[in-house]
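1. Just the structure for this:
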Amino acid sequence: MLMTEEKKNKLNMIFDTTLFVISMILQGVSWYLEEPDTERIAAIIRIVSYCLFTCAIFLLLLIEFRVAKRRIVKEQERITYARIACSLAGDYEKVYYLNTDDDSYVGYGTSDVGDEELQVLESGDDFYSDAKLKTARIIYNEDKDKVLAVLNKVNLRKSFDNKEVIQLNYRLLEDGEPLYYSLKVTQGHGEDDKYIIIGVKNVDAQTRRSIEESEAARRGMTYEKIMEALASSYEVLYYVNLETNEYTEYSSTEAYRKLDIGNHGNDFFAETQENMKRDIYPDDYQMMADVMDKNNLLEALSRDNFITVTYRLYINGEAEYVNLRAIRPKSDPNHIVVGVINVNETMKREQEYKERLDNMINVANRDALTGVKNKTAYNSMEEEINKLIAKDDAPEFAIVICDVNDLKVVNDTKGHKAGDEYIREACMIICRIYKHSPVFRVGGDEFAVVLKGDDFENRNALMLELRQQIYSNREENRVVVASGMSIYDPEKDKEMANVFERADQDMYNNKHDLKA
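-> Alright, predicted model coming up:
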């Protein structure tokens, strides 16, 4: 529109000049015709000349009036856009006023903190070239391309043609640190559509707060999904805030919900301590009260980052084994996750398996005739004690060796059943004397007793009691058992066999005495 107005003014000036020149020429012709016979024609030409001159003067005044009016309009435009820039500057740190005819621009803003007057901070003749240079210098490297894509003359025109809202968040480097800024571009309307206003605003604080909130929400959603996924494998899961003690519960089974524990609570540790008084099996209560004390739990998690404990819980009136597992995620140190899984069936199977295994081991280690432990069991004990001897950590102990006299005579004269009964009777005598020590049948007619504790302390009295009983049996023609004893000596015994050999030798000495 402005170019059309200028052309009109130029054409009007040419036309006005032409009228003025024609009027001058006609005036000269009228003077030339100033003769009596042409006076009438000269008068007419002079009148036309005056008319054209008057028209030229009028047209010149009109052109001057239009030019003056245009100056006033332009000044009003400048004032109007300055006011627009002023009003925008309340929300924006800087506002650019861009003329798309020649790409010239003016940047408005407050020069100092607290300065309420809008100042022209910068201006130039080529906004796009200057924007490119500034982008390369002060825009964060990863955001340069998208800023240049927006501040591109062709792209701006396309966006305006498509009625698009042009707004961009980017990072600007200040003192080497990236700060978030927002840029918004708007276009004038009607006759003012050649003007573009660009507002730049610091949004660092809002953007970082929004990022933190989004990250917190994302973490919350992530843990929510994790908890929901894990809940299918657990009776119940708790997501506990360590700062506030608030918690959320995720339960997958109806049985656990009957414990009257809500989906959300305000104090996980206090409520847990109260609930345990009602729900924990009495023998396990104190252990769990200690484990679930907040200070104890956090101290354990600080050492291992993960704890697990098995206890019994009343569910549907029955005591069932459950396993509690607690973890403090490294990515979320302000929370802990506590899960409870029912392991009752597993524990029952393990107990049954252990009982069967113990029974099998007991059978394998028992002498079928006498019921005492056999040679295999003795070998196992010997192996354990040898390990302790090697570590200089063996306890005090003594070995008693007993050998049944005349077993072959009984078998040959009275039969093997009588011989078996003879062995059982000898075994009962040994077991009655050594009530607190394991008795082993280590051979057909030989027994070993490993003395510990009270039997070790009273070893001499017990040996005297055994031999007095045997001497009495010999007089009554009953079972006779030769016996010998030796004490473990840490200074000279390198293995249990050393003690056994001395006890065996002592037994043979007693056997000789019994036969004398």
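2. count of neighbours near the nearest residue to E122 once chain neighbours are set aside?
-> Spatial nearest neighbour of E122, excluding adjacent residues (Cβ to Cβ, 6 or more residues apart in numbering): G107 at 4.2 Å. All C-beta atoms are positioned from the backbone trio N, CA, C, and that covers glycine. Around G107 there are 20 other residues, counting by other Cβ atoms under 10 Å.
3. and the helix or strand harbouring E382, what other elements does it pack with?
-> E382 belongs to helix 375-390 when assigned by DSSP states H and E. Counting contacts by 3 or more Cβ pairs under 8 Å, 6 or more residues apart in numbering; DSSP states H and E, helix 375-390 is packed against strand 439-441, helix 496-515.
4. hey, where'd the helices end up in the stretch 101-250 of the chain?
-> Using DSSP state H, counting those that start in this stretch, the helices of the stretch 101-250 of the chain run over 127-138, 144-150, 153-161, 204-231.
5. just checking, next helix/strand downstream of the worst-scoring helix or strand of the chain on mean pLDDT?
-> When each helix and strand of the chain is scored by mean pLDDT, DSSP states H and E, helix 254-257 comes last, with a mean of 52. Sequence-wise, the next helix or strand downstream of helix 254-257 (DSSP H and E) is strand 264-265.
6. And that next one, what does it pack against?
-> So strand 264-265, by 3+ Cβ pairs under 8 Å, 6+ apart, packs with strand 247-251.
7. So what are the sheet partners of the strand it packs on and their directions?
-> When pairs are called by DSSP bridges, strand 247-251 turns out to pair with strand 236-241 (antiparallel), strand 264-265 (antiparallel).
8. out of those strands, which comes closest to Q351?
-> Nearest to Q351 among the strands paired with strand 247-251 is strand 236-241; the distance by Cβ to Cβ comes to 24.2 Å.
9. And for the helix or strand hosting I307, what's in contact with it?
-> Using DSSP H and E, I307 sits within strand 306-315. For strand 306-315, contacts defined as Cβ atoms under 8 Å, 6 or more residues apart in numbering pick out 255-256, 258-259, 278-281, 283-284, 287-288, 291, 297, 300-301, 319-327, 340, 342-343, 347.
10. Could you turn the buried ones of those residues into a ChimeraX selection?
-> Restricted to buried positions by 16 or more other Cβ atoms under 10 Å, the ChimeraX selection for the contacts of strand 306-315 reads:
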select :256,259,279,280,284,288,291,297,300,301,320,321,322,323,324,325,326,327,340,342,343,347
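11. Out of the strands paired with strand 247-251, which is closest to E174?
-> With Cβ to Cβ as the criterion, E174 lies closest to strand 236-241 of these, at 36.3 Å.
12. buried residues in that closest one?
-> Per 16+ other Cβ under 10 Å, strand 236-241 contains these buried residues: 236-240.
13. surely D204 meets S182?
-> No - D204 is beyond contact range of S182, at 9.8 Å (criterion: Cβ atoms under 8 Å).
14. Apart from its neighbours in sequence, what residue is nearest D406?
-> Per Cβ to Cβ, 6+ apart, closest to D406 is V480, 6.8 Å.
15. What are the neighbouring residues in contact with the one you found?
-> Contacts of V480 by Cβ under 8 Å, 6+ apart are 404-406, 470, 473-474, 514.
16. can you rerun that using 6 Å?
-> 405, 470, 473-474 (Cβ atoms under 6 Å, 6 or more residues apart in numbering).
17. CA atoms of stretch 329-341 as CSV?
-> Taking C-alpha atoms only, stretch 329-341 is exported to CSV below (Å, rounded to 0.1, in the frame of the first residue of the first chain):
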residue,chain,number,x,y,z
PRO,A,329,16.0,-47.7,45.3
LYS,A,330,19.1,-45.9,44.4
SER,A,331,17.2,-43.7,41.9
ASP,A,332,14.6,-42.8,44.6
PRO,A,333,16.4,-42.6,48.0
ASN,A,334,13.5,-40.8,49.6
HIS,A,335,11.3,-43.9,49.4
ILE,A,336,11.5,-47.6,50.3
VAL,A,337,9.6,-50.5,48.8
VAL,A,338,8.4,-53.2,51.3
GLY,A,339,7.0,-56.4,49.9
VAL,A,340,5.4,-59.4,51.7
ILE,A,341,5.2,-62.7,49.9
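18. can you offset everything so residue one is 21?
-> New numbering, starting at 21: the last item is stretch 349-361.
19. what's in contact with that stretch?
-> 254-263, 342-348.
20. before we move on, back to that, so which of the helices and strands packed on helix 395-410 is the most packed in?
-> strand 459-461 (a mean of 24; mean count of other Cβ atoms under 10 Å).
21. No further queries at this time; thank you.
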